[in-house]
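[1] When you get a sec, could you give me coordinates for this:
(one chain, ligands or ions: 2)
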Amino acid sequence: MRILSGIQPSGTPHIGNYVGAMKQWASSQNAEAFYCVVDLHALTLQIDPATLREQTIDWVAWLLATGLDPEVCTLFIQSHVPYHAQMAWLLENVTTFGELSRMTQFKEKAQRQEGYRVGLFTYPVLMAADILLYDAREVPVGDDQRQHIELAREIAERFNNRFGETFTMPVGVQPTVGARIMDLQEPTRKMSKSVSSPMGSIYLRDDPKEIEKKIKKAVTDTDGEVRFDWETKPGLSNLLELFASLSGEKPEAIAARYSRYGDLKKDLAALVVESLVPIGARYRALRADPAALAAIVERGARKAAAVSGPVYRRAAEAMGLF
Ligand code: AMP
Ligand code: TRP
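    Numbers count the residues shown, from 1 in each chain. Ligands and ions are numbered 1, 2, ... in the order given. I've put the predicted structure just below:
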């Protein structure tokens, strides 16, 4: 199954990224799976150059640490494959201003940035280019990316209708649990890399003490009943959802086992620690050898270009580029 997904090298990975994206990538990897660290997308964040460079290779290491195997799938850095930016330009000419104006993530981010740049606006077109360049059928992403996937589908269909069958129609795939982990302190807001909330986010680099403290202090409610119910008990439901996404059970089944919040929190903390400790150890070992990481992404970029180059040329020719 041809798969493509991408992740921005911004901030440091949190457990929402892990259960919503990284863990899924690892479990669905195969010879036809392409995963990229989208550094071109991260430019829209006005990130400092040294930080971007550092975080890009950091994310490569985290992705390997969470289970991607470069002998099985293709892992690469977006900017190493020139077709992404080139394809985005082609697709900007089949996307309307109105469509991009309706993107929720754009509206939210624009509100937070003074004098935001054009790249923030055209970001979803670059994402569509990432996907369509690989003839991807499945795009594993968290819940927040649904609208962008819909746009990619819309663009593919319009392009195919206007210029002839060129692109494969992709679908977004969300994990059944853990597609939207909420902030531990503010359970009505998604755990996010772009909003700083150290007590509300569990980072993959947190040590066991920090993890225990954050889960212990996670906001719940006062009615005292352990029940999976997002409407009335968002804090507790978030903990159950996180638990379920790590243990492979159903949130309701976990809720049925507990009568006290404290016991649930204690077991959840132990489960999170048990899941993250080996990942942290692998990350540190990988990060200690930057030359090996560079070699992995260099080979990844060659494999990625061999697939996306012909698709780019197919699209360029269909549009009439000589
Ligand atoms: P971002 O952190 O927004 O760059 O997202 C990177 C990937 O992680 C995307 O596939 C997101 O959908 C996913 N993701 C981000 N935040 C969460 C969250 N709180 N819960 C589940 N998945 C998430
Ligand atoms: N926009 C996605 C995010 O913020 C990252 C991304 C870029 C992506 N290109 C992609 C995800 C292609 C899936 C497929 O999470």
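
[2] Could you list the low-pLDDT ranges of the stretch 201-322 of the chain?
    Of all residues in the stretch 201-322 of the chain, none has pLDDT under 70.

[3] So which residues of it form helices?
    Counting by DSSP state H, counting those that start in this stretch, the stretch 201-322 of the chain has helices at residues 208-216, 234-247, 251-257, 261-287, 290-318.

[4] Burial-wise, tell me which of those comes out on top.
    Comparing the helices of the stretch 201-322 of the chain by mean neighbour count (mean count of other Cβ atoms under 10 Å), helix 234-247 comes out on top with a mean of 22. The C-beta positions use only the backbone N, C-alpha and C, and glycine is treated the same way.

[5] report the angle between the axes of that one and helix 208-216?
    Per axes from the mean of the first three to the mean of the last three Cα atoms, to 10 degrees, the angle that helix 234-247 makes with helix 208-216 is 140 degrees.

[6] Which residues does helix 234-247 contact?
    Residues from elsewhere that reach helix 234-247, judged by Cβ atoms under 8 Å, 6 or more residues apart in numbering: 15, 19, 23, 175, 177-178, 181-182, 184, 187-188, 215, 218-221, 226-230, 249-251, 254-255, 261, 264-265, 267-268, 271-272, 275.

[7] How many neighbouring residues does residue 112 have?
    9 (other Cβ atoms under 10 Å).

[8] want to throw the helices of the stretch 201-322 of the chain into TSV with distance to residue 72?
    Formatted as TSV, these follow (distance: least, Cβ to Cβ, whole Å):
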stretch	distance to residue 72
helix 208-216	29
helix 234-247	22
helix 251-257	30
helix 261-287	16
helix 290-318	12
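
[9] closest to residue 70 out of those helices?
    helix 290-318 (4.8 Å; Cβ to Cβ).

[10] helices or strands next to that closest one in the packing?
    Under the contact criterion of 3 or more Cβ pairs under 8 Å, 6 or more residues apart in numbering; DSSP states H and E, helix 290-318 touches strand 33-37, helix 49-65, strand 74-77, helix 83-92, helix 146-163, helix 261-287.

[11] can we see that at 7 Å?
    Packed against helix 290-318 by the contact rule (3 or more Cβ pairs under 7 Å, 6 or more residues apart in numbering; DSSP states H and E) you find helix 49-65, strand 74-77, helix 83-92.

[12] With ligand 2 in mind, check whether the last one reaches it.
    No - judged by Cβ under 6 Å from any ligand atom, helix 83-92 stays clear of ligand 2, getting no closer than 8.7 Å.

[13] hmm, back to that, please name whichever of the helices of the stretch 201-322 of the chain is nearest to residue 45.
    helix 290-318 (20.6 Å).

[14] gap between that closest one and the chain center?
    Relative to its parent chain, helix 290-318 has a centroid offset of 20 Å by Cα atoms, centre = their mean, to the nearest Å.

[15] when you compare where it runs with where strand 33-37 runs, what's the angle?
    Relative orientation of helix 290-318 and strand 33-37, computed by the same axes, to 10 degrees: 110 degrees.
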